[in-house]
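>>> Could you look at this predicted model? Sequence included:
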Amino acid sequence: MHSPRSNRKKSSRRPRKASDCSRATGFEIILDSLDAIVYVADMHSYELLFLNSYGRQHYGDPAGMKCWQLLQAGQTGPCDFCSNPHLLDANGEPAGVYVWEFRNTRTGRWYECHDQARHWADGRLVRIEIATDITERKRMEEELAEAKRQAEALAHIDELTGLNNRRAFFQLGLQAFRQAARAASPIAVIMFDLDHFKQINDVHGHFVGDKVLVAVANSVREHVREADIAGRLGGEEFALILPQTSLPEALVAAERLRGTIAATSLAHGSSRIRCTSSFGVAVCADGSLDLEHMLSQADAALYRAKHNGRNRVEHAGS
Ligand SMILES: Nc1nc2c(ncn2[C@@H]2O[C@H](COP(=O)(O)OP(=O)(O)OP(=O)(O)O)[C@@H](O)[C@H]2O)c(=O)[nH]1
């Protein structure tokens, strides 16, 4: 058994344990009843002078330990994220409470930390930290942020095909046209529309029609370059913007895509469903025309392609 005297001596060297109720002061009893970590560490030696009951439950016995040894993982010295530099003013005196959020490297749990420097009873400077577990709040914040990201992405994507929806197509298209105008570089617009698509819906059903639209979108994705902008403008109408593309290049691209769509067939029961498409191409050689203007030119060419027998490419001015 330790004598009360030897207990006192020991307690002056070792961090207090509030479980040792006979020695705990009223303040320690209060600190031990908090649902937050409270610790005191020497700002110079990093020695832990006090850790409340909540802290000990989660991080263990502080006896003879430095804060970075007990509270963090894999540290061989003071942490590079230590709050000490924020706690003193230019004269090296306590500067007030510093509030920060931190993910603990040992447990992965998030804490909101209220840190301050104080002069300890023996005059040395100590860091007092009160750290409240905010892991649940962080998880909810991250879930909300992810939901917001997804909602924003969905607002720009055509749900059926995964291509840009009409809104995103115009947003991205305006940027591409501004760049083309600045650089006076060529830019092409291709519009295309599936032929007799109503018949596919009528004969095989809307669900199969949807599968055809998805297959067409996949062909589009295979053909576009990184800088191209592909979108589904609505129904069975699609459009592409091809920056830095001359008329001959745009015609080749449209013809290649037309051929791919015509050659693609979709298995449906014992039969295969095929679909063709009609294309209208418009090119502005120096980027001087706007997107609306080019789309209406491409649309007029597309109308001619339909009129001239479908499954073909026409271009503005032809
Ligand atoms: N499955 C499916 N059908 C759609 C969708 N959006 C529009 N449609 C259908 O697409 C068809 C378009 O028909 P029309 O405008 O007559 O065109 P078309 O039959 O392709 O004839 P042409 O364009 O003249 O060759 C209609 O039956 C619409 O209901 C969709 O998201 N899914």
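Great, that's in hand.
>>> Find the nearest non-adjacent residue to residue 166, please.
Distances taken as CB to CB, 6 or more residues apart in numbering put residue 233 closest to residue 166, at 5.2 Å, once the chain neighbours are dropped. Where C-beta positions appear, they are placed from N, C-alpha and C, glycine not excepted.
>>> Would you agree the one you found is in contact with residue 170?
No - between residue 233 and residue 170 there is no contact under CB atoms under 8 Å: 9.1 Å.
>>> The residue of the chain found nearest the ligand: neighbour count?
At 2.7 Å from the ligand, residue 209 is the closest residue in the chain, using CB to the nearest ligand atom. The tally of other residues near residue 209 (other CB atoms under 10 Å) stands at 21.
>>> which residues are contacting the stretch of helix or strand it belongs to?
For residue 209, the element it lies in under DSSP states H and E is helix 206-223. Residues outside helix 206-223 that contact it (CB atoms under 8 Å, 6 or more residues apart in numbering) are 158, 160-163, 194, 197, 200-201, 230, 232, 236, 238, 240, 253, 256-257, 260-261, 264, 266, 268, 273, 275, 277.
>>> Buried ones among the residues you listed?
By neighbour count, with 16 or more other CB atoms under 10 Å, the contacts of helix 206-223 hold 158, 161, 163, 194, 197, 200-201, 230, 232, 236, 238, 240, 253, 257, 260-261, 264, 266, 273, 275, 277 as buried.
>>> near the ligand, from those residues?
Contacts with the ligand within these, as defined by CB under 6 Å from any ligand atom: 194, 197, 201, 236.
>>> of all the residues you listed, which two lie farthest apart?
For these, the maximum inter-member distance is 10.4 Å, found between 194 and 201 (CB to CB).
>>> what do those two both touch?
Residues touching both residue 194 and residue 201 (CB under 8 Å, 6+ apart): none.
>>> How about the residues of the stretch 51-200 of the chain by the ligand?
Residues of the stretch 51-200 of the chain lying near the ligand (CB under 6 Å from any ligand atom): 160, 193-198.
>>> picking up where we left off before, show me which residues of the helix holding residue 209 are buried.
By 16+ other CB under 10 Å, the buried positions in helix 206-223 come out as 208-209, 211-213, 215-217, 219-220, 223.
>>> Show me the protein divided up by domain.
Following the assignment in automatic domain parsing, the chain carries domains at 4-137, 155-315.
>>> Out of those domains, which one sits most buried?
Most buried of those, by mean neighbour count (mean count of other CB atoms under 10 Å): domain 155-315, with a mean of 18.
>>> so where's this structure shaky on pLDDT?
By pLDDT under 70, the low-scoring segments of the chain are 1-24, 318.
>>> Where do the strands of it begin and end?
Taking DSSP state E, the strands of the chain run over residues 37-42, 48-51, 98-103, 110-119, 125-133, 187-194, 229-234, 237-243, 265-268, 271-274, 277-284, 313-315.
>>> Against residue 57, how distant is the nearest residue to residue 228 once chain neighbours are set aside?
Excluding its sequence neighbours, the residue lying closest to residue 228 (CB to CB, 6+ apart) is residue 242, at 5.1 Å. Counting by CB to CB, to the nearest Å, the gap from residue 242 to residue 57 is 63 Å.
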